[in-house]
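Peer 1: Here's my sequence, what's the structure:
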Amino acid sequence: DKDKIVNTDNMSTKEIADLDISGSEFISTKKGQDSLRFFSARATYKLSESIIYCRDVNYIPVADALIFPDKKNVTILRDAEIKTLEKAKILANSTTKYHEIYNSIVNIKGRKKYIANGDYEYKSKNMKTQTIHFNIVDVDSTLQTYAKSEIDENSDFKLSNFYDFYGKINLFANQKFLVFKGNGRIKETCPNIASSWFKFESSIDPNNIYIKIDSITKNLNNQNIFNGFMLAKADSTYIYPTFLSEKKNTKKGKEDLNILTAYGFLNYNELTHEYRISSYDRLVQNTGKDNYVSFNIDQCSMLGDGELNFLENLGEFNFKNYGRINHYSDNDSTTIELFMLIDFPFDNDALEIISEKLEKNTDLQPIDPSNEQFASNIKKILPKNTAENIISQLTLYGKLKKIPDEMKHTFVISNVKMQWNNNTGSFISTSKIGLVNMQKKQLYKYVNGYIELKKKKGGDQFTIYLAPNDEKEWYIFQYRNNEMRCFS
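Peer 2: A predicted model of the protein is given here:
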């Protein structure tokens with residue numbers, strides 16, 4: 001019946017799937033085929049051969065998929081067997097229509113089962129389409145189509161212009177994106193970073209790639225890889241960057257110190273030419289307090305932002321650092337800017353006397369609360385609304401009505417620039433010291449002096465030297481070997 005024939009020659013599989021198809025309905029009564037059925041507008045019966053030649057078959061529903069025969073031709077052999085389809089297309093699933101597999105060889109077993117293999121187009125922006133061959137296309141126990149492929153190491157397959165890949169690829173019909181399980185590599189040529197192939201398993205949106213990176217992510221040698229900044233502790237002590245790369249020293253007792261590391265997701269920012277690693281919220285919405293690391297492949301520079309760790313085994317001396325660290329490969333230099341929360345046992349009356357003198361000193365330069373680094377670090381230690389309220393109060397009035405508990409420490413210090421000094425084997429400040437408060441006394445002033453964080457075999461050492469009136473008035477606080485010393 002010509003009225004039942006729909007011209008679908010220039011229609012996509014998704015468009016055909018939305019049509020109200022009619023015609024003669026063929027229904028299998030064979031046991032095990034679960035009433036397999038499809039519509040055909042025309043059919044020829046060869047009784048002598050027990051064969052039915054069906055024409056204008058737009059698709060055959062099987063499990064969760066629609067199978068589109070090449071040239072709309074289907075042959076039903078003796079005993080209700082459907083002849084193997086070649087060059088067919090598979091749309092899976094029929095509800096979401098996420099995936100199309102083409103150039104397929106399909107064996108239809110019944111209404112709930114088919115086995116196939118075929119090709120799939122992988123498209124990423126600004127790249128030529130790459131073909132994935134799924135050598136296994138099947139149906140699981142929940143009647144969901146799945147497909148499996150394996151990409152060889154020498155295939156030159158790319159997730160995008162910024163990532164190489166080889167390994168296994170899985171398709172699940174109810175998931176919009178393919179799942180990649182194998183080995184990835186970023187595209188960089190910087191000499192001092194030494195990024196390596198890394199193992200991962202992630203669902204990948206080819207136009208907006210986020211790859212899961214966690215603390216147990218490993219390289220091809222099954223070694224843990226790191227993303228951030230390390231302090232070497234072997235024969236010589238120095239800072240070096242890592243981005244999807246190993247530590248240089250992992251020997252027990254001499255393992256390099258993690259100054260700052262970031263985990264979460266790996267993403268490439270095309271505007272800034274940076275690979276970035278952090279939590280999804282921080283990468284997408286710039287919210288959250290998670291550590292953040294970025295790697296600029298044009299400048300071969302790295303930036304870390306978050307909580308930093310410098311000293312170990314400090315006993316009763318409690319020391320938390322937040323801030324930013326930059327490394328520049330061209331001259332192998334590192335700069336650090338810190339926000340410090342420091343606590344140690346000391347006489348409260350003595351601290352009160354010192355803080356009152358500093359408060360009354362009108363010659364000291366005030367801290368600008370709108371300073372980007374100051375505001376950023378306040379947001380790391382306080383809830384978002386509280387941090388915004390505090391910054392607003394400081395901008396308007398210069399002081400807070402009440403110091404939040406999170407900021408009540410022996411010293412709260414801001415905007416301190418630090419550098420590693422190879423000669424002294426220590427981090428030494430290179431700027432004035434921003435005193436936010438001492439215990440409950442609000443100051444918000446820059447003071448002359450220096451801070452030194454020293455790595456020592458017998459125990460790390462902390463020193464802060466404050467000189468509000470140069471040589472006329474100065475204070476030294478030093479913690480080492482479980483002793484706190486003060487000089488003035």
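
Peer 1: Next, count neighbours for Lys46.
Peer 2: 9 (other Cβ atoms under 10 Å). Every residue, glycine included, has its C-beta placed from N, CA and C.

Peer 1: Let me know the pLDDT of it.
Peer 2: Per-residue confidence (pLDDT) for Lys46: 92.

Peer 1: What distance do you get for it to Leu220?
Peer 2: For Lys46, the distance to Leu220 equals 58 Å [Cβ to Cβ, to the nearest Å].

Peer 1: Would you confirm that Arg480 contacts Gln461?
Peer 2: Yes. Between Arg480 and Gln461 there is a contact under Cβ atoms under 8 Å: 4.0 Å.

Peer 1: buried sites along stretch 40-55?
Peer 2: 40-43, 52, 54-55 (16 or more other Cβ atoms under 10 Å).

Peer 1: Return the subset of those lying in strands.
Peer 2: Using DSSP state E, the subset of the buried residues of stretch 40-55 located in strands is 40, 42-43, 52, 54-55.

Peer 1: I'd like those residues laid out as CSV, including pLDDT and distance to Lys168.
Peer 2: Shown next, in CSV, are those (pLDDT from 0 to 100; distance: Cβ to Cβ, whole Å):
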residue, pLDDT, distance to Lys168
Ser40, 93, 38
Arg42, 90, 43
Ala43, 92, 42
Ile52, 95, 40
Cys54, 95, 37
Arg55, 94, 39
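
Peer 1: Just send those residues back as TSV, with distance to Lys187 too.
Peer 2: As requested, these are exported to TSV (distance: Cβ to Cβ, whole Å):
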residue	distance to Lys187
Ser40	51
Arg42	54
Ala43	55
Ile52	55
Cys54	50
Arg55	50
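
Peer 1: Pick the one among these closest to Thr84.
Peer 2: Cys54 (14.6 Å; Cβ to Cβ).

Peer 1: hang on, isn't that closest one packed against Lys71?
Peer 2: No. The pair formed by Cys54 and Lys71 falls short of the contact definition of Cβ under 8 Å, at 11.4 Å.

Peer 1: Surely Leu231 touches Thr261?
Peer 2: No. Applying Cβ under 8 Å, one finds Leu231 not in contact with Thr261, separated by 11.9 Å.

Peer 1: neighbour-wise, which of these two wins?
Peer 2: Thr261 (20 against 17).

Peer 1: Need phi/psi at that one.
Peer 2: phi -130, psi 150 (degrees, to the nearest 10).

Peer 1: which residue packs closest to it, ignoring adjacent ones?
Peer 2: Gly228 (3.9 Å; Cβ to Cβ, 6 or more residues apart in numbering).

Peer 1: and that neighbour, bridged to which residues?
Peer 2: Thr242, Thr261 (DSSP bridges).

Peer 1: contacting residues around it?
Peer 2: 241-242, 258-262, 291, 293, 304 (Cβ atoms under 8 Å, 6 or more residues apart in numbering).

Peer 1: roughly how far apart are it and Phe243?
Peer 2: 8 Å.

Peer 1: if I look at these two, which residues touch both of them?
Peer 2: Common neighbours of Gly228 and Phe243 (Cβ under 8 Å, 6+ apart) are Val293.

Peer 1: what about Lys252, how many neighbours?
Peer 2: Other residues near Lys252 number 5, with proximity taken as other Cβ under 10 Å.

Peer 1: what's the distance between it and Leu231?
Peer 2: 16 Å.

Peer 1: Equivalent analysis for Asn208, please.
Peer 2: From Asn208 to Leu231 the distance is 35 Å (Cβ to Cβ).

Peer 1: Tell me where the model's unsure across the chain.
Peer 2: 1-5, 234-235, 313 (pLDDT under 70).

Peer 1: give me every residue that touches the residue nearest to Leu308 when sequence neighbours are not counted.
Peer 2: The shortest distance from Leu308 to any non-neighbouring residue, by Cβ to Cβ, 6+ apart, is to Asn321 (4.4 Å). By Cβ under 8 Å, 6+ apart, the residues touching Asn321 are 307-310, 338-341.

Peer 1: Now with 7 Å, please.
Peer 2: Contacts for Asn321 (Cβ atoms under 7 Å, 6 or more residues apart in numbering) come out as 307-308, 310, 338, 340.

Peer 1: Helix or strand for the spatially most central residue of the chain, just tell me which one.
Peer 2: In the chain, the C-alpha nearest the mean C-alpha coordinate belongs to Phe265, at 0.8 Å (Cα atoms, centre = their mean). Taking DSSP states H and E as the criterion, Phe265 maps to strand 264-269.

Peer 1: what sits up against that strand?
Peer 2: 162, 209-213, 275-280, 283, 290.

Peer 1: For ChimeraX, what selects the buried ones among these?
Peer 2: Buried members of those, defined by 16+ other Cβ under 10 Å, are picked up in ChimeraX with:
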select :162,209,210,211,213,275,276,277,278,279,283,290
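
Peer 1: Can you tell me how far Ala232 is from Lys247?
Peer 2: On the measure of Cβ to Cβ, Ala232 and Lys247 end up 9 Å apart.

Peer 1: can you list residues touching both of these two?
Peer 2: What both Ala232 and Lys247 touch, as defined by Cβ under 7 Å, 6+ apart, is the set Asp256.

Peer 1: in the stretch 201-350 of the chain, which spans are helices?
Peer 2: 280-285, 348-360 (DSSP state H, counting those that start in this stretch).

Peer 1: Any idea how far the shortest one is from the middle of the chain?
Peer 2: Read it as helix 280-285. A distance of 9 Å separates the centroid of the chain from that of helix 280-285, by Cα atoms, centre = their mean, to the nearest Å.

Peer 1: what helices or strands is it leaning on?
Peer 2: strand 264-269 (3 or more Cβ pairs under 7 Å, 6 or more residues apart in numbering; DSSP states H and E).

Peer 1: Buried residues in the strand it packs on, which are they?
Peer 2: Those buried within strand 264-269 under the rule 16+ other Cβ under 10 Å are 264-268.

Peer 1: so can I have JSON lines of the residues you listed showing distance to Met484?
Peer 2: JSON lines is the format used below for these (distance: Cβ to Cβ, whole Å):
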{"residue": "Gly264", "distance to Met484": "37"}
{"residue": "Phe265", "distance to Met484": "42"}
{"residue": "Leu266", "distance to Met484": "43"}
{"residue": "Asn267", "distance to Met484": "44"}
{"residue": "Tyr268", "distance to Met484": "47"}
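
Peer 1: quick one on the thing from earlier: pick the most buried one from the helices of the stretch 201-350 of the chain.
Peer 2: The highest average neighbour count among the helices of the stretch 201-350 of the chain, using mean count of other Cβ atoms under 10 Å, belongs to helix 280-285 at a mean of 16.

Peer 1: returning to that earlier point: which one of the contacts of Gly228 sits closest to Lys125?
Peer 2: Taking these together and measuring to Lys125 by Cβ to Cβ, the closest member is Val293, at 24.6 Å.

Peer 1: Could you find the closest non-adjacent residue to the closest one?
Peer 2: Going by Cβ to Cβ, 6+ apart, Val293 has Ala262 as its nearest residue, at 4.0 Å.

Peer 1: Pretty sure the one you found sits against Tyr292.
Peer 2: Yes. Taking contacts as Cβ atoms under 7 Å, Ala262 lies within contact range of Tyr292: 5.7 Å.

Peer 1: joint contacts of the two?
Peer 2: 278, 306.
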